[in-house]
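Asks: Sequence plus the predicted model coming up.
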Amino acid sequence: MFETALTWSDLAFLAQGAGMTLLVTAVSVTAGTVLGVIFGVIRFQVGPYWSIPLTFVLDVFRSVPLLIQLVLGNAFQSIARLGWPPFTTSCVILSLYTAAYCTEIVRGGISSVPVTTRRAARSLGMTWWQDMRYIVAPLATRVSLPSWIGLTLGVMKDSALVLWLGLIELLRASQILVTRLQEPLFILMICGAIYFILSFPVARLGGYLEKRWSPND
Amino acid sequence: MIEIENVRKSFGALEVLKGIDLTVSKGEVVTVIGGSGSGKSTLLTCINGLEPIDSGRITLDGTDVHAKGTDLNKLRSKVGIVFQQWNAFPHLTVLENVMLAPRKVLGLAKDRAEEIAVKQLTHVGLAEKLSVYPNRMSGGQQQRMAIARALAMSPEYMLFDEVTSALDPMLVGEVLDTLRMLASEGMTMICVTHEMKFAREVSDRVAFFHQGVMAEIASPEQLFDAPQHVETQKFLAATH
Amino acid sequence: MFNYTFHWNQALRALPQMLDGALVTLEIALLSMAIGLACAMVLTLFRLSGNRVLSGFAAVWVEVARNTPALFQIYMAHFGLGNFGIHLSPYAALLAGIAFNNAGYLAENFRGALKAIPDTQARAGRSLGMSSLQAFRYIVMPQMLRIAFLPATNQMVWAILMTSLGVTVGMNTDLAGITQELNARSFRTFEFFALAAVIYYVIAKAVTLAARAFASRMFRY
């Protein structure tokens, strides 16, 4: 049948890489979402005019290749003598990258809540915070969740670029095995299958939620 | 000549046409009236082959519409159809809407197609609107454009499927006037309509459909003033 | 503050070289978009064909493109095809990878756009005697392209950003590749990459603005 030099320990090595991919993604998406919610609320609250500086900075993160951002981040931490290991640098950059996209999603979610609904809440004597917490947050989350799921999957796929800073995540682990075993297609197929298995079901869930929660249902 | 012989048609378990026989000769105007779900609109889409039939035969000037070897595209350019929803092509101007099929289906040169389109649009009273996009016009104007679009193919037959049903009451008149004009010019037409006054005025014969059956067909005077079938009587009593 | 002296002059002196690289970047992005659009159109027709083999092929392409990293797709083109004796140059591998990715995302955009066009449009075309292909070509497709234009513009920006991945497979003529080479010679990483970032930003913005201007001229209805 089919013969391969791939051993169980090589597969474990790939799994370790996948673990790194998931770890970087989890840290970055968590931090990026927290930042994104803060920035999103600020953007919505201060209006388009006063949020121009913030909008511009976040737009830079969406208009410059992530690879360049990672290299710049790494160069910066070395210049500033922060002594960050590649993992920290990668997570910081990816968090900001996530925050840039998340801000737009959050802002869109908040603006989708009708003004009349919010007025009703305030007229019941709710404070700004209570209105945000009990009225806006649940409604906006519903609108934003499908896009946020898409963003999370996007960050997971983009996290492959941290290999450039020397982190051994899933794609880099596969590349190392390819170099050693000289079976590029087979190993890359496994690598692709792992990404696919991680991404596809969640993507389907996002599509389902989007359909189910679309305004005209 | 349009010959419809014992045509049957079902959608799933629902039989919408239960053996229809009708012959429409050249120059004749036949209107079809009846309640909703009586199968009258389905018949039109079967005549130009947009819907297949289950049994029976429809021939147009001797050509079997539903036979295997029939070139439906060629046949459809002979039979114009206008729907309740006018289906304007939103990405094309009024002139381009009308020019498209003559150019692409008949293969006419651009200036020849334009000449025909301008003539037909003038005919339906839209000469001022040539370079406008359809969504800038009223429903009545869009419906008249749809009629010009069908006429530009120089069809020998025209089928009208409740063309005024989706219009605001104020806009119905202008479209009916266009149909009257076509009828007076000798166009062979089958009109499915709810406009009884119009049906009485323009028709050579009026057919009443009830639950997939052609219950009665007669001259307008006879059908409206002395209906024979009990369902026709009920229907006319309800609409007056 | 940083106990580091920035050498911006050195980077600025390399600007002409980097701008040459930017042209290559733009070239790859445009080519990958052209190929991607053509492939997406074919994939869309496959999906509409009703043929299970063709629509299955299209579905696999679209889902793989959307559920694996772009860098993985480029690696596949560069290393993976070697198994079949096909050895693509970094340029070709980069182009193939991005075009594959573009096609998948664009085909998905097209699908969404098609859903927004009522069936009666094609039916109206058919009733005028058009073949189903003519009805698609002259009536459905132009409307689909209009609806899909804005998402396609975003994909174009993505394509520009993705070209930077070429450096990981040894590409050295595009903006990222040239910047990396300059960096390897001088070790002025921050200055060179900051300048590259500015150039990428300008290209991305210019393309977005150009697309908007194009759209407002093209889509007048």
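Replies: Sure thing, it's come through.
Asks: In what element of secondary structure is residue B:21 found?
Replies: Assigned by DSSP states H and E, residue B:21 belongs to strand B:14-24.
Asks: and the next element down the chain from that strand?
Replies: Following strand B:14-24 toward the C-terminus (DSSP H and E): strand B:29-34.
Asks: list the buried ones in that following strand?
Replies: B:29-34 (16 or more other C-beta atoms under 10 Å in any protein chain shown). Where C-beta positions appear, they are placed from N, C-alpha and C, glycine not excepted.
Asks: TSV for the residues you listed, including distance to residue C:176?
Replies: What follows is those, written out as TSV (distance: C-beta to C-beta, whole Å):
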residue	distance to residue C:176
B:29	72
B:30	72
B:31	71
B:32	69
B:33	72
B:34	70
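Asks: Contact partners for residue B:22?
Replies: Residues near residue B:22 by C-beta atoms under 8 Å, 6 or more residues apart in numbering or on different chains: B:2, B:4, B:30, B:207, B:214, B:217.
Asks: how about low-confidence regions in the chain?
Replies: I'll assume chain A. Scanning chain A for pLDDT under 70 picks out the ranges A:1-2, A:214-217.
Asks: The chain in question should be chain C.
Replies: C:1-2, C:221.
Asks: Identify the single longest helix in it, thanks.
Replies: Taking DSSP state H as the criterion, chain C has its longest helix at helix C:15-48.
Asks: Show me what the helix or strand following it is packed up against.
Replies: Downstream of helix C:15-48, the next assigned helix or strand under DSSP H and E is helix C:52-67. In terms of contacts (3 or more C-beta pairs under 8 Å, 6 or more residues apart in numbering or on different chains; DSSP states H and E), helix C:52-67 is packed against helix A:184-213, helix C:15-48, helix C:90-115.
Asks: Reformat those helices as a markdown table; add mean neighbour count.
Replies: Listed next are these as a markdown table, based on neighbours: other C-beta atoms under 10 Å in any protein chain shown:
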| stretch | mean neighbour count |
| --- | --- |
| helix A:184-213 | 17 |
| helix C:15-48 | 19 |
| helix C:90-115 | 22 |
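Asks: First-to-last residue distance for stretch A:124-136?
Replies: 15 Å (C-alpha to C-alpha, to the nearest Å).
Asks: May I see the buried residues of it?
Replies: Buried residues in stretch A:124-136, defined by neighbour count with 16+ other C-beta under 10 Å: A:126, A:131-132, A:135-136.
Asks: those strands in chain A, which residues are they?
Replies: In chain A, no segments count as strands under DSSP state E.
Asks: Now do the top helix by length along chain A against helix A:184-213, angle only.
Replies: Ranked by residue count and defined by DSSP H, the top helix of chain A is helix A:8-50. For helix A:8-50 against helix A:184-213, the angle by axes from the mean of the first three to the mean of the last three C-alpha atoms, to 10 degrees is 40 degrees.
Asks: does chain C sit close to helix A:8-50?
Replies: No: against chain C, helix A:8-50 shows no contacts by C-beta under 8 Å from any C-beta of the partner chain, the least distance being 9.4 Å.
Asks: for stretch B:189-206, same thing?
Replies: No: residues of stretch B:189-206 are not located near chain C by C-beta under 8 Å from any C-beta, the shortest gap being 14.0 Å.
Asks: Residues in contact with that stretch: which ones?
Replies: Here stretch B:189-206 has contacts from B:2, B:24, B:28-33, B:40-41, B:43-44, B:47, B:157-165, B:172, B:176, B:179-180, B:182-183, B:217-221, B:223-224, B:236, B:239-240, using C-beta under 8 Å, 6+ apart.
Asks: Now the buried members of the residues you listed.
Replies: Buried positions within the contacts of stretch B:189-206, assessed by neighbour count (16+ other C-beta under 10 Å), are B:2, B:24, B:28-33, B:40-41, B:43-44, B:47, B:157-165, B:172, B:176, B:179, B:182-183, B:217-218, B:220, B:223-224, B:236.
Asks: If anything else comes up later, I'll come back, but that's it for now.
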